[in-house]
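S.K.: Next input, structure requested:
(2 chains)
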Amino acid sequence: SAVISQKPSRDICQRGTSLTIQCQVDSQVTMMFWYRQQPGQSLTLIATANQGSEATYESGFVIDKFPISRPNLTFSTLTVSNLSPEDSSIYLCSVKETGGNTQYFGPGTRLTVL
Amino acid sequence: RKEVEQDPGPFNVPEGATVAFNCTYSNSASQSFFWYRQDCRKEPKLLMSVYSSGNEDGRFTAQLNRASQYISLLIRDSKLSDSATYLCAVNIINSGYALNFGKGTSLLVTP
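M.R.: The predicted structure follows:
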């Protein structure tokens, strides 16, 4: 399976600021996704990161709050903008293996907003 | 009704026991089903895909019941290292291969 890294692994931010999370994969993948896991909850899909075009957002998530870039087939960023304490969560990127339908997750970024 | 539902547990079982988890899904058009394992403060790791005919991987057996819209995971001969949260995932219709996850079932295997 692909090896996925995320940076930063954790951060503590002040409200009103923004955090950009990077996701790097060791091989080219067609599909990359961003999920959020709030404390004690399961994973919720934020958006599908599309290479060369705008991300596809799920209901309840908007581009102004969660801008996403996908400049190539191995890299994506998620920015969480105008942070509030409710954004405190783990953010995970995942990739779908080429030729299959299973997804693998990065190690996650633990965000705390004060 | 949530799209994917699981009994949150916790399931406390002794070593060597057999334990089963169920997961129900609401969209009958769903095509892909998975079980993930998540350890505390770690990312989910794929445990196994679930195929229509059912599939086994060592001590783990997964089953799919399309008529009743549920999938199950059976763990035989539980080990202490099986203690984790088990997440059921189902593909999101019209979102490519993105997944809907259940809240997870917590398993604690005790000596």
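S.K.: what does chain B put close to chain A?
M.R.: Counting by CB under 8 Å from any CB of the partner chain, the positions of chain B adjacent to chain A are B:32, B:34, B:41-46, B:49, B:87, B:91-92, B:95-104. All C-beta spots, glycine's among them, are computed from the backbone N, C-alpha and C.
S.K.: Throw together a PyMOL command that grabs the buried residues out of these.
M.R.: Listed next is the PyMOL selection for buried residues among those, using 16 or more other CB atoms under 10 Å in any protein chain shown:
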select buried, chain B and resi 32+34+43+44+46+49+87+91+92+97+98+99+100+101+102+103+104
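S.K.: Okay, and which of the residues of chain B next to chain A map to helices?
M.R.: Using DSSP state H, no member of those sits in helices.
S.K.: In strands, which of the residues of chain B next to chain A fall?
M.R.: Cross-referencing these against strands under DSSP state E gives B:F34, B:K45, B:L46, B:S49, B:L87, B:N91, B:L99, B:N100, B:F101.
S.K.: any idea which of these is closest to chain A?
M.R.: The closest of these to chain A turns out to be B:F101 (CB to the nearest CB; 4.4 Å).
S.K.: Across the sheet, point out what pairs with the closest one.
M.R.: Beta bridges link B:F101 to B:A89, judged by DSSP bridges.
S.K.: Just list the residues touching it, thanks.
M.R.: B:F101 sits next to A:S42, A:L43, A:T44, B:V4, B:Y36, B:P44, B:L87, B:C88, B:A89 when contact means CB atoms under 8 Å, 6 or more residues apart in numbering or on different chains.
S.K.: Equivalent analysis for A:R110, please.
M.R.: A:S9, A:R10, A:D11, A:I90, B:R41.
S.K.: What of A:K7?
M.R.: A:I21, A:Q22, A:Q24, A:T109.
S.K.: hmm, try it at 10 Å
M.R.: A:K7 makes contact with A:T20, A:I21, A:Q22, A:C23, A:Q24, A:T77, A:G106, A:P107, A:T109 under the criterion CB atoms under 10 Å, 6 or more residues apart in numbering or on different chains.
S.K.: possible to save the residues you listed as a markdown table with secondary structure and neighbour count?
M.R.: Putting those into a markdown table (DSSP: H, G, I helix; E, B strand; the rest coil; neighbours: other CB atoms under 10 Å in any protein chain shown) gives the following:
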| residue | secondary structure | neighbour count |
| --- | --- | --- |
| A:T20 | strand | 15 |
| A:I21 | strand | 23 |
| A:Q22 | strand | 16 |
| A:C23 | strand | 26 |
| A:Q24 | strand | 15 |
| A:T77 | strand | 18 |
| A:G106 | coil | 26 |
| A:P107 | coil | 16 |
| A:T109 | strand | 23 |
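S.K.: Return the member of these nearest to chain B.
M.R.: Checking those one by one against chain B (CB to the nearest CB), the nearest turns out to be A:P107, at 5.2 Å.
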